[in-house]
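In: coords please:
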Amino acid sequence: MQHQAKKLEELVKSNPRTAKKTRFVAITSGKGGVGKSTISSNLAYILSANNVKVGIFDADIGLANLDIMFNVKVKHNILHVLRGEAKVKDILIPINENLVLIPGESGDEILKYSDSALFDHFMKEADVLDDLDIIIIDTGAGIGDHIQLFLQAVDDVIVVTVPDPAAIADAYATIKITSKLRNDINIVMNQVTSQKEATNIFEKINKVAMKNIGKNLKLNLLGKINSDTKVTQCVKKRVLFSKEFPSSTPTRDLEQIAKTLAYKLERNVLVESNSSGLSGLFKRLIEHF
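Out: As a prediction, the model looks like this:
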């Protein structure tokens, strides 16, 4: 793997360009059904509507549903590219001017192909996404090895949970495992009735974490999203609630989260192209594989 990483570094150096640094954000959860993909898709849309160039990578293997959220059809994913059955540009699905869906696969499945000549070719093709400001990775739920691979490689990890004892317990388990990889983790409280409820639950999680994991861990309540029947209605209709109901409380809640991420983007500086776009994400994955 070190040999492959060195090969990729040489590949990048042979094609030196200056590109914006892409921020990589993984959105995950301890269990399914807490609204992770709904948040991922709507957050991506809100950012794109504010002139942020966004790629959203569907890595929820077996339960991939971002195509349903965006109401589009997916024919091929990254695995088809790595097998030589499709090109990168052919699998990308434009959602709007600033948003593209990247049908993905799990990290460990992708990197099984990292020693092949096709992988090098894929890395060259992936530069079509070098102008992305942010790539949101919608991971699977739980604490599998392929999920941890993404959580270790990204700039920000967001754990989504709801005010349900089982969901909170599973979110804590995810936090505990992830804390072995990094000491900064964000939490989004979904389907709450108020800011007070979100803060109270977060403080309980944080208290347990400080006691059992340690004070080096920095948990951050990134935001909350109020429970609203409009969200459920939109999921069933295959439309984005932030687009259909731009003045709703859940949309305003998610806009606040988007503002926080946008602020982090503003601090990014110009770097070499190996830190940008889809190729930058894969280079990071290889370094942590």
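
In: specify the local secondary structure of Lys95.
Out: I think there's a mix-up here, since residue 95 is Ile and not Lys. Following DSSP: H, G, I helix; E, B strand; the rest coil, we place Ile95 in the strand state.

In: so for it, what's the nearest residue that isn't a sequence neighbour?
Out: Nearest residue to Ile95, sequence neighbours excluded (Cβ to Cβ, 6 or more residues apart in numbering): Phe70, at 5.4 Å. C-beta: built from backbone N, CA, C; applies to glycine.

In: so the one you found touches Asn96, yeah?
Out: No. Contact status for Phe70 versus Asn96: not in contact, 9.7 Å apart, counting by Cβ atoms under 8 Å.

In: these two - which one has more neighbours?
Out: Under the criterion of other Cβ atoms under 10 Å, the comparison of Phe70 against Asn96 puts Phe70 first, with 22 against 13.

In: ok, that one - contacts?
Out: 41, 93, 95, 101, 240 (Cβ atoms under 8 Å, 6 or more residues apart in numbering).

In: ok, now how distant is the closest residue to the second one other than its chain neighbours from Phe122?
Out: Spatially, and ignoring its direct neighbours in sequence, Ile93 is nearest to Leu101 (4.2 Å; Cβ to Cβ, 6+ apart). When distances are taken as Cβ to Cβ, to the nearest Å, Leu101 and Phe122 turn out to be 18 Å apart.

In: check Asp145 too.
Out: The spacing between Asp145 and Phe122, counted by Cβ to Cβ, is 22 Å.

In: okay, these two: which has more neighbours?
Out: More crowded of Asp145 and Phe122, by other Cβ under 10 Å: Phe122, with 22 against 9.

In: helix/strand/coil for Asp131?
Out: Three-state assignment for Asp131 (three-state DSSP): coil.

In: isn't it up against Val100?
Out: No. If you go by Cβ under 8 Å, Asp131 and Val100 don't touch, sitting 10.5 Å apart.

In: of the two, which one has the most company?
Out: Set Asp131 next to Val100 and count neighbours by other Cβ under 10 Å: Val100 wins out with 22 against 13.

In: for the more buried one, list each beta-bridge partner.
Out: Applying DSSP bridges to Val100 gives these bridge partners: Gly55, Pro94.

In: enumerate every residue touching it.
Out: 54-56, 92-94, 129, 132.

In: if you set the cut-off to 6 Å instead, what comes out?
Out: Residues in contact with Val100 (Cβ atoms under 6 Å, 6 or more residues apart in numbering) are 55, 92, 94.

In: strands of the stretch 101-250 of the chain, residue ranges please.
Out: Along the stretch 101-250 of the chain, counting by DSSP state E, counting those that start in this stretch, strands occupy 134-141, 156-161, 184-192, 218-226.

In: tell me what the shortest one is packed against?
Out: Right, strand 156-161. strand 23-29, helix 165-178, strand 184-192 (3 or more Cβ pairs under 6 Å, 6 or more residues apart in numbering; DSSP states H and E).
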